[in-house]
Structure formats: C-alpha cells, structure tokens
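> Quick one, fold the following:
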Amino acid sequence: MAEAPSLPVAVFSPTKGSLSCNIFGWAPRWLQVFNDLRAFMVCFFCLSIFRGITISYFASMVPSMEKRFGLSSQSIGTVNAMSDVSGLLSAVLVAHFGGGHRPRWIAGSSLLVGIGYLLMSAPEIIFPPNPTSILASVMATSSDENEPFCDANRNESSQTAGLVCGEETTDGRGGPLLVLGLGQFVFGLGAMTAPILGMPFLDDNVKRRNAPLYFALAFVGLNFGPLVGTGLSAAFNAIYFDLSKPDFQPSDPRWISAWYLGFAVAGVGSIVMAVIMSCFPSALTKKPRRKPSLNGNGLTVQKDLSGRERKTHLAERTAVVPQTITVKDLPVNLRRLSRNSTYLMKVLGQILSAFALSGYISFNVKFMKEQYRVPQSTISIAGVLPMVLGMMIGVGLGSMFVRHFKLSPRGIGYVMAACSFLGATCFFSVTGLGCSQDHIIGVDDVAEPYNTTSADVCMRKNDCKCQNAHFNPVCDTGRGRTYVSACAAGCSSSNRRNGTKYYLDCVCAIGDVGSLFGELENTTWVTADVLATSVVLSGVCPKQCSNFPIYVALMSLAMVCMGFPTAGAVMLQFRIVDKDLKSLVNGLSTFAMSALGMLPAPILLGWLIDSSCRFWQTDSCGTRGACWIYNADEFRWKFHAIVGAVRLINCLTDLTVTYKVRHLAFRA
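The predicted structure follows:
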C-alpha cells in the first residue's frame with residue numbers, strides 16, 4: 001500500500017502529571033499501582049458491560065414499553081435508532097480530535113451514557129396512565145368493580161363520558177416518545193467514544209502477540225453487558241409495571257413489566273465507572289521485566305531482547321504517545337481512505353453485519369413472546385441468555401483460533417465469509433419453526449374486529465353491548481377457546497377463589513356455569529383440575545409448541561457466527577490502512593455502521609412487524625396504539641428472511657475482501 005505524504009501534526013507532549021494516575025490532579029503514590037494496562041483493561045471491561053446492557057435489556061423490554069405507552073414497533077424502532085443518530089454526530093469528531101487524553105474522553109462519554117440511561121427510565125414517573133390511555137381498560141379489568149361485562153342495560157355513550165378526545169389524547173404517546181428518544185440520543189453521544197478510542201489505546205499499549213487476546217477481552221466485555229442485561233430483564237420482567245399483582249399471568253399479551261428499573265441500575269453504574277476511568281493517565285507506563293537501574297543522570301538502564309543496553313529517561317517509558325491532528329488534515333485523510341477499495345469493501349460488510357445484528361436483537365424477544373407465548377422473564381433466561389453466551393463464545397473462540405493458527409489476512413477473510421454464510425443458513429432455516437396461531441373469537445371470526453355492532457356473533461345476539469376494540473382476553477379452559485374479552489364471551493359476572501378470578505354466566509362460551517360454581521364452592525373435594533374443565537379464566541388459552549428449544553439453538557449458533565470473526569476483523573481493519581489512520585478508520589467505520597446499518601434496521605424491521613399486526617390497541621377515543629396480536633406466520637418469515645438475506649450478501653462482500661488481501665501479511 002502506497003504511503004501518503006507525511007502531514008504536519010502537533011505532537012501531544014505528556015507532562016509528568018499526565019503520566020500518573022490522579023484524582024482531579026491529586027496523584028498519590030499508592031494510586032500509581034493502577035497505572036497499568038491490566039488495571040485499565042478491568043475498568044474498560046466494566047464500562048463495556050454497562051454500555052452493553054442496553055443491547056439485550058432494551059430488546060427485552062420492547063413489548064412492555066410498547067404496551068405501556070401505546071407505541072407501534074416502528075415508533076419504538078425509531079426511538080432505538082436515536083442513539084445511532086447521535087452516534088453519527090460524535091463518531092468522526094471523537095475519532096479525529098480524541099487523540100489526546102483518551103481515558104478522559106472515555107470517562108466523559110461514560111457519564112453521558114449514565115445520564116442517557118436515567119432519562120430512559122424517567123417516563124414511568126413523568127407520564128402516569130391517564131383515563132383515556134390504553135392501560136385504562138387493562139387496569140379496569142383487574143378491578144372487579146369496573147370491568148365491563150355482558151350487560152344489555154349498559155349505556156354505550158357512558159363508556160366515554162367525561163373524556164375529552166382530541167390533541168390531548170396523543171400527549172400520552174408524544175411525551176414518552178420524546179423523553180425516550182432524548183435518552184437514547186444522549187446515550188448514543190457517549191456510547192461511541194469508548195470503542196473508537198479504547199481499541200487504538202489498547203493497540204498502542206499491548207504487545208503484538210497479545211493483541212488478539214486484549215481485543216477479544218474488550219469485545220467480551222461488550223458482550224458480557226448483554227448477559228448482565230439479560231439477568232436484569234429476567235428479574236424485572238417478572239414484576240408488573242406498577243408493582244401490583246394483576247389477574248393475568250406474565251405470558252399474557254397484556255403483561256407490562258417494570259421496564260424502567262434496569263435503566264436506572266445501568267445509569268448509576270455507568271456514572272460510577274466514569275469517575276474511576278477519569279483517574280487514568282493519557283499514556284500508560286510499561287512495566288519492565290526486571291527492576292531498572294537508575295544512573296546519576298536520571299536515566300534508566302535496561303537490556304533489550306538482544307542483550308544490548310538501552311538508556312531512557314523515566315518519563316519516556318510510556319506507550320506510543322498519541323498525536324493531535326488539526327481539522328485541516330481531515331479532508332486529506334478522508335481522501336486517502338476513499339481511494340482504499342479494500343477498506344471500502346470491508347466497511348460495506350460491516351454495515352450489512354450491523355444491519356442484521358441490530359435489526360434482529362431489537363425485536364427478537366418480542367418475536368419469541370408473540371410466537372411461542374412464553375413469559376418475558378422466561379425468554380430472558382431460556383431464549384436470550386443462550387444467544388448472548390453464543391456471541392461471547394464466538395468472540396473467545398475466534399480470538400484463540402486466530403492466535404493459535406496465526407491466520408494471515410486472507411485466512412481471516414475466509415473465516416468471515418464462512419461465518420456469514422452459516423449465519424444466513426440459520427436465519428433462513430427458522431422461518432419454518434412456527435407454532436399454531438391463536439384463534440381469538442371477536443377478532444378472527446369477524447370482518448371488522450374494531451366495530452362488531454353489525455357482526456352476526458354471539459355477543460350481539462345476546463345484546464351484550466361490548467366495547468369495540470376492547471382487548472382483555474379470557475379462556476374457555478374446557479374447549480381451549482380464547483375470547484377477546486369477558487363481554488365477548490357473554491360473561492355477566494366474576495368471582496374469586498383462592499386468589500384466582502373466574503368468570504361466570506358466560507353464555508357465549510360454556511353456557512351457564514354460575515350454578516355449577518355455586519355448587520362447587522362449598523365442597524371440599526373440588527380440585528383445580530375439576531374447575532379448569534368447566535370455567536372461564538382470564539388470559540389467552542395456553543398452547544403447546546415444541547419448536548422453541550430448536551429455535552433458540554439455531555439462533556445461538558447464528559450468534560456464534562456473528563462473534564467468531566470479530567477479533568480477526570479488527571486486526572484486518574487496522575492492517576489494510578496506514579498506521580496514522582487507525583483512530584479515524586475506527587470512527588468512520590462506526591459512523592458508517594450506525595448511519596447505514598444500525599439506524600435504519602430497527603425502523604425498517606419495525607415497519608415490517610407492524611404490517612403483520614392483526615389487532616391493534618385502541619384507546620377510548622379511538623386512537624391506535626401498540627399491537628395486541630400478530631399474524632404469527634407473517635411475523636416469523638418477514639423478520640427472519642430479511643436478516644438472512646442481508647447475511648448472505650455480507651458473505652459476498654467478505655469474499656471480495658478476502659480476494660483483495662490475498663497477498664497481504666500482518667506486520668511483525
């Protein structure tokens with residue numbers, strides 16, 4: 001590769017204070033014990049964990065956030081993309097001007113990450129449910145006094161009496177959207193800095209033979225974050241959003257978890273670690289193999305690997321000192337990169353990989369919950385955890401593979417292409433791993449589920465005067481039939497037994513069971529199994545599906561394929577460009593991945609998912625919110641086919657890069 005003409009740059013000259021660990025200028029001797037790459041790696045690892053929590057936690061809480069504030073998948077995808085929008089504004093600037101005191105830059109960015117997390121948790125406090133919100137009918141169901149039953153004497157006009165509909169009713173969505181988007185925006189401003197500056201900082205301070213190990217540790221930290229996020233989501237998904245105990249189970253479509261708690265925990269942790277990171281110096285001192293001797297001139301005398309004596313001043317025993325580049329150098333450096341066709345093809349592959357990963361992880365929990373009707377807390381452990389571990393295992397195995405076999409750039413390219421192809425195969429294969437779709441009476445048996453006033457259905461024949469688009473499903477356990485509401489089942493009352501709510505006199509479901517329940521209530525031999533064969537309970541009828549474990553196994557393999565070439569890909573990226581462009585390349589790659597991959601992916605896939613909805617939330621004023629029930633088959637193949645197609649194209653770009661680097665070798 002031809003070397004570009006040298007550019008005049010201002011060399012960053014570290015002072016004595018900048019080479020010492022310090023707390024706002026105070027540099028005690030005991031603190032210098034941590035002036036070491038290993039200590040920095042521990043802190044960087046922890047910051048990566050907190051930054052990576054959102055990868056799995058946000059996705060796990062998507063169903064709850066949508067239904068809590070009545071948001072569509074496209075809306076929540078737009079919120080998710082706001083971090084990428086802000087990343088676009090910060091990536092190139094940080095990469096270009098962040099070459100001075102890199103740990104301080106990382107600390108400041110981590111503070112922004114913490115503030116972003118806290119903002120994302122704020123809407124639960126700022127915007128409580130209002131009488132016209134989607135939650136009004138759900139919360140009324142849990143109240144025995146307010147639940148709407150089949151009642152011929154109900155005054156239909158009273159259902160919205162006292163409610164003022166208009167622009168006010170949209171505030172319950174616009175406000176949370178704004179705060180959530182702002183939180184993601186602030187998060188994105190800080191999230192890009194650590195990987196952009198941290199990886200070159202490690203590369204400048206680590207021995208070449210240990211580079212794959214440290215790169216892998218950095219990525220494992222980022223992937224360990226989703227593991228922690230999975231644990232948090234499993235705990236908080238089992239808690240109802242208002243800390244009460246509703247009548248329905250966590251597997252019910254109406255379940256809304258305490259989604260905001262995990263963001264608060266991650267926010268506090270990020271701020272604490274930001275303070276610790278700010279104590280590191282601008283360049284780390286290298287530990288000598290043996291205690292150096294000090295002559296009278298303040299020079300250390302050491303022997304290098306060839307046995308020759310080497311004299312250096314104590315202040316010069318540092319890693320490669322970063323350079324500060326002026327703004328006038330940016331166009332020149334960008335022009336140099338634009339002429340590097342190998343780098344451009346590598347970036348295209350990164351964009352495709354980012355699109356596939358971002359699009360899938362944004363809605364994978366939502367898919368598993370809707371497709372397999374599994375509680376979100378269970379999905380976090382049984383569904384997400386194996387995939388997160390798969391990514392981590394892939395990164396670790398890939399690093400050891402590259403280091404053990406000392407792969408050339410061409411060998412790394414072949415590994416990248418093989419992993420892309422195998423990942424695409426996994427995504428295409430799961431399009432056939434579906435489950436039977438829930439048939440909901442009042443939704444699937446009518447032409448217009450949002451207006452059943454003219455439908456020839458049981459609830460109309462019995463003059464139940466049910467609310468349109470009212471979704472509080474009940475299950476006829478004897479026949480396995482789900483009704484859109486207790487009113488649609490013709491139920492006229494309810495009763496509680498041992499904490500369980502039973503619906504009575506459901507003429508459209510199993511006929512008059514009120515007398516049966518009354519006879520059984522005073523007996524002592526009645527078991528739950530006996531009652532379950534003849535009563536109507538709250539919630540969607542459970543379904544059995546054996547494809548869930550197979551799906552998780554295949555998607556875990558796909559995540560292994562995503563992570564396996566990571567360490568090698570970073571080494572390859574730094575090799576195909578000039579040494580003085582490493583930070584800029586990292587920033588530009590992050591910029592491109594965000595702008596063209598991570599940003600559009602959740603929005604596009606959110607739109608596709610919304611097109612699979614078969615019953616939307618509708619509030620008392622008729623405003624559409626989140627989706628209650630999806631067409632299971634459409635959701636499954638649209639979601640996975642597009643991700644599989646992107647991974648297949650990614651394989652072609654990887655093969656092209658492999659061809660271009662066929663004569664390249666890593667520097668010694």
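> switch to C-alpha atoms for all contacts and neighbour counts from now on
OK.
> ok but residue 475 is inside a strand, no?
Yes - counting by DSSP: H, G, I helix; E, B strand; the rest coil, residue 475 is located in a strand.
> what number of residues lie near the residue nearest to it when sequence neighbours are not counted?
Excluding the flanking residues, the one nearest residue 475 by CA to CA, 6 or more residues apart in numbering is residue 482, at 4.6 Å. Using other CA atoms under 10 Å, residue 482 has 28 other residues around it.
> do residue 610 as well
20.
> what sits against it?
Residues near residue 610 by CA atoms under 8 Å, 6 or more residues apart in numbering: 72-74, 627.
> repeat that with 10 Å
Neighbouring residues of residue 610 by CA atoms under 10 Å, 6 or more residues apart in numbering: 72-75, 604, 616, 626-627, 630-631, 635.
> for the stretch 351-500 of the chain, what spans make up the strands?
Under the criterion DSSP state E, counting those that start in this stretch, strands of the stretch 351-500 of the chain are mapped to 440-441, 474-476, 481-483, 493-497, 500-504.
> which residues sit against stretch 405-416?
Residues contacting stretch 405-416 (CA under 10 Å, 6+ apart): 209, 346, 349, 398, 400-402, 418, 420, 561-569, 571-573, 575-576, 650-651, 653-666.
> Let's see stretch 410-419 as PDB, backbone CA atoms only.
Extracted C-alpha coordinates of stretch 410-419, given in PDB (Å, rounded to 0.1, in the frame of the first residue of the first chain):
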ATOM      1  CA  ARG A 410      -6.600 -13.900   3.700                       C
ATOM      2  CA  GLY A 411      -7.300 -16.600   6.200                       C
ATOM      3  CA  ILE A 412      -9.300 -14.200   8.400                       C
ATOM      4  CA  GLY A 413     -11.300 -13.200   5.300                       C
ATOM      5  CA  TYR A 414     -12.200 -16.800   4.600                       C
ATOM      6  CA  VAL A 415     -13.400 -17.200   8.300                       C
ATOM      7  CA  MET A 416     -15.500 -14.100   7.900                       C
ATOM      8  CA  ALA A 417     -17.200 -15.300   4.700                       C
ATOM      9  CA  ALA A 418     -17.800 -18.800   6.200                       C
ATOM     10  CA  CYS A 419     -19.400 -17.400   9.300                       C
END
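> tell me the mean pLDDT for it?
Taken as a whole, stretch 410-419 has an average pLDDT of 95.
> So residue 237 is in contact with residue 375, correct?
Yes - look at residue 237 against residue 375 with CA atoms under 10 Å: they come within range, at 8.3 Å.
> what residues are shared contacts of these two?
By CA under 10 Å, 6+ apart, the residues touching both residue 237 and residue 375 are 250, 255.
> how close does residue 419 get to residue 433?
Separation of residue 419 from residue 433 (CA to CA, to the nearest Å): 22 Å.
> neighbour count winner among these two?
Using other CA under 10 Å as the criterion, residue 419 and residue 433 rank with residue 419 on top: 24 against 16.
> what's the nearest residue to the more buried one if we skip its chain neighbours?
residue 561 (4.8 Å).
> re earlier: in PyMOL, how would I select the buried members of the contacts of stretch 405-416?
In PyMOL, a selection of the buried entries from the contacts of stretch 405-416 looks like this (16 or more other CA atoms under 10 Å):
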select buried, resi 346+349+398+400+401+402+418+420+561+562+563+564+565+566+567+568+569+571+572+573+575+576+650+651+653+654+655+656+657+658+660+661
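> Am I right that residue 244 is in a helix?
No - according to three-state DSSP, residue 244 belongs to no helix; its state is coil.
> pLDDT below threshold where in the stretch 251-400 of the chain?
282-327 (pLDDT under 70).
> try it again with 80
251, 278-330, 376 (pLDDT under 80).
> pretty sure the residue nearest to residue 475 is in contact with residue 471, am I right?
No - counting by CA under 10 Å, residue 482 does not reach residue 471; the two are 11.3 Å apart.
> what is in contact with these two at once?
442-443, 488.
> for the residues you listed, which one is nearest residue 339?
residue 443 (57.7 Å; CA to CA).
> Can you report how many residues lie near residue 345?
Using other CA under 10 Å, residue 345 is surrounded by 17 other residues.
> mind listing what it touches?
351, 653-657, 660.
> switch the cut-off to 7 Å
653, 657 (CA atoms under 7 Å, 6 or more residues apart in numbering).
> just residue 661 next, same as before
Here residue 661 is in contact with 409-410 (criterion: CA under 7 Å, 6+ apart).
> from what I can see, residue 334 looks like it's in a helix, true?
Yes - judged by three-state DSSP, residue 334 forms part of a helix.
> could you measure it against residue 340, distance?
Taking CA to CA, one finds residue 334 at 10 Å from residue 340.
> same question, residue 234
In terms of CA to CA, residue 234 sits 46 Å off from residue 340.
> so residue 123 touches residue 178, yeah?
No - using CA atoms under 7 Å, residue 123 makes no contact with residue 178, being 9.3 Å away.
> Who has more neighbours out of these two?
residue 123 (18 against 13).
> Enumerate every residue touching that one.
Counted by CA under 7 Å, 6+ apart, residue 123 has contacts 176, 179.
> do that again at 6 Å, thanks
Residue 123 sits next to residue 176 when contact means CA atoms under 6 Å, 6 or more residues apart in numbering.
> Just the pLDDT for it.
Predicted confidence (pLDDT) at residue 123: the value is 92.
> next one: residue 182
pLDDT, read off for residue 182, is 94.
> tell me what the helix or strand encompassing it is packed against?
For residue 182, the enclosing helix or strand under DSSP states H and E is helix 171-191. Applying 3 or more CA pairs under 6 Å, 6 or more residues apart in numbering; DSSP states H and E, we find helix 171-191 packed against helix 73-97, helix 102-121.
> Go again with 10 Å.
Applying 3 or more CA pairs under 10 Å, 6 or more residues apart in numbering; DSSP states H and E, we find helix 171-191 packed against helix 37-69, helix 73-97, helix 102-121, helix 123-126.
> Which residues belonging to it are considered buried?
Buried residues in helix 171-191 (16+ other CA under 10 Å): 172-173, 176-177, 179-191.
> same question, stretch 599-614
So for stretch 599-614, counting by 16+ other CA under 10 Å, buried means 599-613.
> In strands only, show me those residues.
If you go by DSSP state E, those have residue 613 in strands.
> Show me which of the buried residues of stretch 599-614 is closest to residue 586.
Out of the buried residues of stretch 599-614, the member with the shortest distance to residue 586 (by CA to CA) is residue 599, at 17.7 Å.
> backbone phi and psi for that closest one, please?
When quoted as degrees, to the nearest 10, the phi and psi of residue 599 stand at phi -70, psi -50.
> Quick one: residues contacting the spatially closest residue to it that is not a sequence neighbour.
Excluding the flanking residues, the one nearest residue 599 by CA to CA, 6+ apart is residue 81, at 4.7 Å. Residue 81 makes contact with 75, 87, 181, 184-185, 188, 358, 362, 594-595, 598-603, according to CA under 10 Å, 6+ apart.
> Let me know the closest of the residues you listed to residue 197.
Nearest member of the contacts of residue 81 to residue 197, counting by CA to CA, is residue 87, at 13.8 Å.
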